[in-house]
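S.K.: Generate coordinates for the sequence data below:
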Amino acid sequence: MDLQRTQKEIYQNKLNKGFNVTDIGKEIVLITEELGELSRAFRDKKKEKMVDAVGDIMIYCLGLCEMLGVSSEKIIQKIIEKNKTRNHRSHI
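M.R.: Okay, here's the model as predicted:
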């Protein structure tokens, strides 16, 4: 799968369906809603719903990257490299 092509395909689908492509704040709220769905599915031990929520979050994030005009591939690669050298401590 080509992540950049997928990012553009997601954005084009948003345009075709008349979904939001300009309001960054709205996208953040929608991602937050999906995180809530993921949390509920986890709490209820519903793996299929968890998988669906993760997929929706990924779609929203890729669409947001296109809205911001940034490469999702570059973002992911940058974070992977950063995490290789970070001294991680548990937050929980």
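
S.K.: pLDDT weak spots in this structure?
M.R.: By pLDDT under 70, the low-scoring segments of the chain are 91-92.

S.K.: what does the top helix by length along the chain contact?
M.R.: Taking DSSP state H as the criterion, the chain has its longest helix at helix 47-68. If you take Cβ atoms under 8 Å, 6 or more residues apart in numbering as the criterion, helix 47-68 is touched by 3, 6-8, 10-11, 14, 21-22, 24, 27-28, 30-31, 34-35, 37-38, 40-42, 71-72, 75. Any C-beta I mention is one placed from the backbone N, CA and C, and that applies to glycine too.

S.K.: Can I get whichever helix or strand comes after that helix in PDB, CA atoms only?
M.R.: Next along the chain after helix 47-68, taking DSSP states H and E as the criterion, comes helix 72-85. Provided in PDB are the C-alpha atoms of helix 72-85 (Å, rounded to 0.1, in the frame of the first residue of the first chain):
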ATOM      1  CA  SER A  72       1.900  11.100   6.300                       C
ATOM      2  CA  GLU A  73       4.800   9.000   5.200                       C
ATOM      3  CA  LYS A  74       7.300  11.700   6.200                       C
ATOM      4  CA  ILE A  75       5.600  12.200   9.600                       C
ATOM      5  CA  ILE A  76       5.600   8.500  10.400                       C
ATOM      6  CA  GLN A  77       9.200   8.100   9.300                       C
ATOM      7  CA  LYS A  78      10.300  11.100  11.400                       C
ATOM      8  CA  ILE A  79       8.500   9.800  14.500                       C
ATOM      9  CA  ILE A  80      10.000   6.200  14.000                       C
ATOM     10  CA  GLU A  81      13.500   7.700  13.800                       C
ATOM     11  CA  LYS A  82      12.800   9.900  16.800                       C
ATOM     12  CA  ASN A  83      11.500   7.000  18.900                       C
ATOM     13  CA  LYS A  84      14.600   5.000  18.200                       C
ATOM     14  CA  THR A  85      16.700   7.400  20.200                       C
END
